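**Student:** give me the fold of what follows.
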Amino acid sequence: MRKTDFRGIFSSAFLALLTGVGASFLFAALALLLSGNVGAETHQSAHSGLIHVRTADGRVMRNVPRLDTRVRIAVSGMLARVKVEQRFLNPSEEWVEALYVFPLPEDSAVDHMRMQVGDRVVEGEIQERSQARATYERARQSGRHASLLEQQRPNMFTSSVANVPPGEEIAVQIEYQQAVHLDDGLFSLRFPMVVGPRYIPGNPLAAQAIEEQTPSFDGHGWAAGTDQVPDAAHITPPVIADGEAYENPVTLEILLNAGMKLEHMHSLYHAIETVELGEGQHLVTLTDGQVPADRDFVLEWRLAVGSQPKAALFAENWRDRHYSLLMVMPPSLRSLDQGQLSPRELILVVDTSGSMHGGSIEQARSALRVALGQLRPQDRFNLIQFNDRFQALYPKPVSVDREHLQEALRFVDGLEADGGTEMEPAMRYALARQGDIQRLRQVVFLTDGDIGNEQALFSTIDEHLGDARLFPVGIGAAPNSYFMTHAARFGRGSYTFIGDLAEVEQKMLALFERLAAPVLTDIEVQWQGGAESPVELCEGKGSSRPADVYAGEPLLLTLCAEQVPQSATIQGRWGTRLWRREIGLQGGANATGIHVLWAREKIADWMAQRSLGEDSERVRSKVVSLALEHHLVSAYTSLVAVDKTPSRPQEEALHSKPVPTLLPKGWSSSRVFGMLPQTATSAPLYLLLGTVIVLFSLLGMRWGKAR
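**Tutor:** Below is the predicted model:
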């Protein structure tokens with residue numbers, strides 16, 4: 001019988017255990033270092049020259065370009081002209097290409113860009129997107145200063161600025177035109193400041209498939225492309241982690257010329273200072289001078305009593321064509337006979353995904369309580385929540401009684417934000433007819449809309465809407481306004497934005513006044529020339545058929561014609577009655593930029609047709625033609641500016657560096673990024689390797705014992 005060598009067994013076991021545990025700790029430490037959670041260098045203040053920051057998905061970004069944004073807005077009546085200046089400062093000793101993803105209003109008509117390097121100013125040219133990208137790449141590689149402005153979504157753009165010298169800055173100035181919003185006599189102007197992280201559904205694509213679907217793939221986002229969102233890397237910019245000293249400051253100035261005396265004016269989410277320059281003219285600035293770009297800026301004003309417009313006309317002659325913007329106020333809902341209001345089937349849908357955590361879910365719960373309180377005895381209702389999956393409170397809509405309302409309130413009180421944003425199944429279920437076919441079916445959809453597959457959702461809405469109406473309610477500091485407004489457009493409803501808990505009751509009560517009945521439906525417009533002859537419209541046949549109009553909302557129409565129209569005849573259904581009005585179109589205020597608003601609306605019409613199955617090449621051709629003629633950035637055209645003289649020596653390397661963005665106010669990166677599918681780091685791999693080595697160590701111990 002062999003004598004057991006206990007000392008050898010102990011030595012082998014101890015060595016194996018020590019090796020395995022040591023390797024495990026080594027790999028675990030390496031994983032943490034790669035994720036940026038430990039071992040980070042001291043962060044400098046954003047005001048003293050930022051060296052590096054840690055992003056929400058764990059990356060450490062070194063020598064990040066600093067960004068200073070300056071906004072100047074001139075408002076004249078119903079029109080706003082906006083100039084956004086982005087100053088990119090390179091704090092490093094390297095030559096840098098700065099890449100910045102940022103928001104603009106979804107209805108903005110972006111028509112100018114210029115680049116300033118020192119005293120030199122280079123005007124941007126509009127080109128087809130692929131051509132503009134090629135122009136920029138040639139300049140980038142040859143060492144010339146260049147700037148490229150691309151549209152990722154109608155409310156999301158990317159600025160690329162090549163060859164920013166060490167320690168210097170390059171300024172990019174962007175201009176756009178938009179119409180001021182009017183709702184029940186209240187004017188408002190919104191300037192978005194931050195792109196919220198988008199939920200990216202779908203299965204990951206291989207690099208080759210991404211390249212095929214998104215040519216010139218060069219995204220630096222935290223998410224890789226999927227079969228539903230192939231351009232995910234372009235719409236998911238790096239986000240600053242909680243607690244990082246990075247401000248991304250914005251200064252803002254508004255010159256407001258309302259044309260009449262104001263009753264009041266206020267900013268919803270930022271402190272402002274105002275100086276009255278004359279009757280109806282005010283200069284508005286931020287009290288703090290500059291603010292972090294973490295929530296949208298909204299300014300509201302109301303004209304003095306008796307000065308509310310019933311109609312307004314703005315006109316422009318451009319390149320031998322006549323362009324008009326017409327605003328018409330429909331009849332008041334209060335004048336409708338209550339007997340004309342139909343019983344309804346109200347479906348309340350709420351987003352409970354991780355991005356709604358914090359203030360957003362509180363706003364959503366409060367909004368649902370207000371909504372339940374507005375139900376009428378003759379109505380039917382249901383509640384649906386969704387994140388990774390959806391849950392309906394009832395199998396089908398139920399009557400409005402005490403028992404059902406108490407059960408619904410308990411359901412609302414228990415809502416928590418967690419998981420992903422799989423919106424399409426919930427949308428399809430909510431739109432499906434399940435109750436009384438005689439009832440007016442209305443779907444109120446509360447969400448921040450932070451998704452990347454907007455086109456798929458628009459198709460779903462159009463396919464399943466039927467005779468229902470969809471009313472998106474944007475929740476949070478920076479909701480996806482492009483998704484909200486276009487979902488309302490496809491859903492023949494209206495969009496409500498709630499940015500603060502204090503606004504919930506007021507905004508939801510106003511929404512339910514709209515829900516009571518659309519003021520005008522089945523609207524038709526006829527443009528008349530001299531002797532009652534029809535007006536010859538420009539190519540494209542004018543705007544598409546107008547959407548339904550709800551209480552307090554004006555009807556906005558844009559027109560391009562070869563001759564100045566004499567009048568417009570507008571008719572529609574007002575409750576159960578026929579409503580008709582003829583409006584003279586002679587005169588009106590002269591304004592510049594009306595042609596770009598018309599072209600922007602036409603482009604939106606064509607892009608909507610693409611979502612509904614129109615041939616993509618035909619849509620592309622129409623959009624490119626309109627965008628090139630009117631000098632507009634679109635999905636298929638970009639603005640590019642190139643300096644003539646090379647500045648970067650060819651022996652100096654160029655380093656591409658994305659500019660990180662802040663999270664919307666109230667968001668937590670540690671929570672939100674745990675819910676969003678994204679590109680993985682190598683950290684889990686190293687942890688797995690460490691675990692495997694431990695297992696082998698234990699097996700070695702058992703093998704030693706067996707000996």
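
**Student:** any chance you could map the helices in this structure?
**Tutor:** Secondary structure of the chain by DSSP state H: the helices cover 6-35, 129-142, 207-213, 359-373, 402-413, 423-431, 454-464, 481-490, 504-516, 594-611, 616-630, 669-675, 683-706.

**Student:** and these, which one averages the lowest pLDDT?
**Tutor:** Lowest mean pLDDT within the helices of the chain: helix 6-35, at a mean of 46.

**Student:** how far away is Val122 from Met115?
**Tutor:** Distance, Val122 to Met115, using CB to CB, to the nearest Å: 5 Å. For every residue, glycine as well, the C-beta is placed using N, CA and C.

**Student:** can I get the CA coordinates of stretch 118-136 in CSV?
**Tutor:** Extracted C-alpha coordinates of stretch 118-136, given in CSV (Å, rounded to 0.1, in the frame of the first residue of the first chain):
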residue,chain,number,x,y,z
GLY,A,118,-10.4,82.6,-36.6
ASP,A,119,-11.5,85.4,-38.9
ARG,A,120,-12.4,83.2,-41.8
VAL,A,121,-16.1,82.3,-42.4
VAL,A,122,-17.0,79.4,-44.8
GLU,A,123,-20.6,79.1,-46.0
GLY,A,124,-22.1,75.6,-46.1
GLU,A,125,-23.3,74.1,-49.3
ILE,A,126,-26.3,71.7,-49.6
GLN,A,127,-25.4,68.4,-51.3
GLU,A,128,-26.9,64.9,-51.5
ARG,A,129,-25.9,63.1,-48.3
SER,A,130,-23.4,60.7,-49.8
GLN,A,131,-21.8,63.5,-51.9
ALA,A,132,-21.6,65.8,-48.8
ARG,A,133,-20.0,62.9,-46.8
ALA,A,134,-17.4,62.3,-49.6
THR,A,135,-16.6,66.1,-49.8
TYR,A,136,-16.1,66.2,-46.0
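
**Student:** ok, and for that stretch, which residues are buried?
**Tutor:** 122, 124, 126-129, 132-133, 135-136 (16 or more other CB atoms under 10 Å).

**Student:** pull the helix or strand with minimum mean pLDDT from this structure.
**Tutor:** helix 6-35 (a mean of 46; mean pLDDT, DSSP states H and E).

**Student:** now the buried residues of stretch 118-136 as CSV including distance to Val291?
**Tutor:** Converted to CSV, the buried residues of stretch 118-136 look like this (distance: CB to CB, whole Å):
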residue, distance to Val291
Val122, 30
Gly124, 28
Ile126, 32
Gln127, 35
Glu128, 37
Arg129, 33
Ala132, 32
Arg133, 33
Thr135, 35
Tyr136, 31
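
**Student:** between the residues you listed, which is closest to Val172?
**Tutor:** Closest approach between the buried residues of stretch 118-136 and Val172, by CB to CB: Gly124, at 8.8 Å.

**Student:** and for the closest residue to that closest one other than its chain neighbours, the neighbour number?
**Tutor:** Closest residue to Gly124 apart from its sequence neighbours, by CB to CB, 6 or more residues apart in numbering: Met113 at 3.5 Å. Met113: 26 surrounding residues under other CB atoms under 10 Å.

**Student:** now do the one 4 residues further on
**Tutor:** Applying other CB under 10 Å, we find 22 other residues in the vicinity of Val117.

**Student:** who are the contact partners of it?
**Tutor:** Residues in contact with Val117 (CB atoms under 8 Å, 6 or more residues apart in numbering) are 145, 170-171, 643, 647.

**Student:** now for the residues you listed: which two are most distant?
**Tutor:** Ala171 and Ser647 (15.1 Å).

**Student:** give the closest residue to His264 in space, chain neighbours not counted.
**Tutor:** Once flanking residues are discounted, His264 sits nearest to Arg302: 5.6 Å by CB to CB, 6+ apart.

**Student:** report pLDDT for the nearest residue in space to Ser494 that is not next to it in sequence.
**Tutor:** With sequence-adjacent residues excluded and distances taken as CB to CB, 6+ apart, Ser494 is closest to Tyr550, at 4.9 Å. Looking at Tyr550, its pLDDT is 81.
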